[in-house]
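>>> here you go, sequence then predicted model.
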Amino acid sequence: MSEVEKIKDCEGMLHPLAIEGMKLFNDGKFFDAHEELEAAWKEETGKIRELYQGILQVSVTYLHITRRNYDGAIKVYGRSIRWLKDWPDVCRGVHVGKFRKDAEIVIQALEKLGAENIGKFNPVLFKPIQWNEKRVWICDKCGSQMHEKNCKVSCPNCGNRFDCSDLNIYFD
Ligand SMILES: [Zn+2]
């Protein structure tokens, strides 16, 4: 899929299960993170599911490291790259560029240690995923909180509506 398609798919909201998965990831619960992200991957029909798959595989990579499975970690990380590459640095509020770099640093450190010293891996290198928690749309006409579905944003109070792709900004 083209880069333009990916940029377009970066609009809109994250799947709630993906958010749950990323929270678990940030708590260091890599197995549970994998479960939630897999559920998000199954439920999501859009191309964004590929990003969830990439994050999922990094979770599994980190899980392997905590379980001292060197070959498993290297193998799954290798697979994750194809899912994570080409996404913009920020997609649906997720800082994908930073995430890719963090994972790369983890693997470089792991390779430096080698399989025999995997137990000395410093878990401080497992950096959290950063994302903008929630995008809240406030109606510019009446100040009500707006609803968003598939990038169509509408005001339940006054009927004001727009397409989120018309806006080139992120809401924190
Ligand atoms: Zn309104």
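Structure's in. What do you need? Bear in mind the structure is a predicted one, so any value in this text is a computation, not a measurement.
>>> quick one: name the residues of the protein near the ion.
Within the chain, the residues that sit near the ion (Cβ under 5 Å from the ion) are C139, K141, C142, S144, C155, N157, C158, N160. To be clear about C-beta, it is placed using only N, CA and C from the backbone, and glycine gets the same treatment.
>>> among those, which are in strands?
Among those, none falls in strands (DSSP state E).
>>> and those, which are buried?
With neighbours counted by 16 or more other Cβ atoms under 10 Å, the residues of the chain next to the ion contain buried members at C139, C155.
>>> now, which of the residues of the chain next to the ion sits nearest Q108?
C139 (47.4 Å; Cβ to Cβ).
>>> need the nearest residue in space to that closest one, chain neighbours excluded.
C155 (4.1 Å; Cβ to Cβ, 6 or more residues apart in numbering).
>>> before we move on, what about G46?
Nearest non-adjacent residue to G46, counting by Cβ to Cβ, 6+ apart: D9, 5.9 Å away.
>>> next up, the contacts around the one you found.
Residues near D9 by Cβ atoms under 8 Å, 6 or more residues apart in numbering: G46, K47, I48, C91.
>>> next up, the contacts around C158.
By Cβ under 8 Å, 6+ apart, the contact list for C158 reads C139, K141, C142, S144.
>>> quick check: the farthest pair among these?
Across the contacts of C158, no pair lies farther apart than K141 and S144, at 8.7 Å, counting by Cβ to Cβ.
>>> and K112, how many neighbours?
Using other Cβ atoms under 10 Å, K112 is surrounded by 9 other residues.
>>> how far away is it from A73?
Taking Cβ to Cβ, to the nearest Å as the measure, K112 falls 13 Å from A73.
>>> and S154, by the same measure?
Where A73 is concerned, S154 sits at a distance of 46 Å (Cβ to Cβ).
>>> of those two, who's got more company?
Remark: of S154 and A73, A73 carries more neighbours, 25 against 16, as counted by other Cβ under 10 Å.
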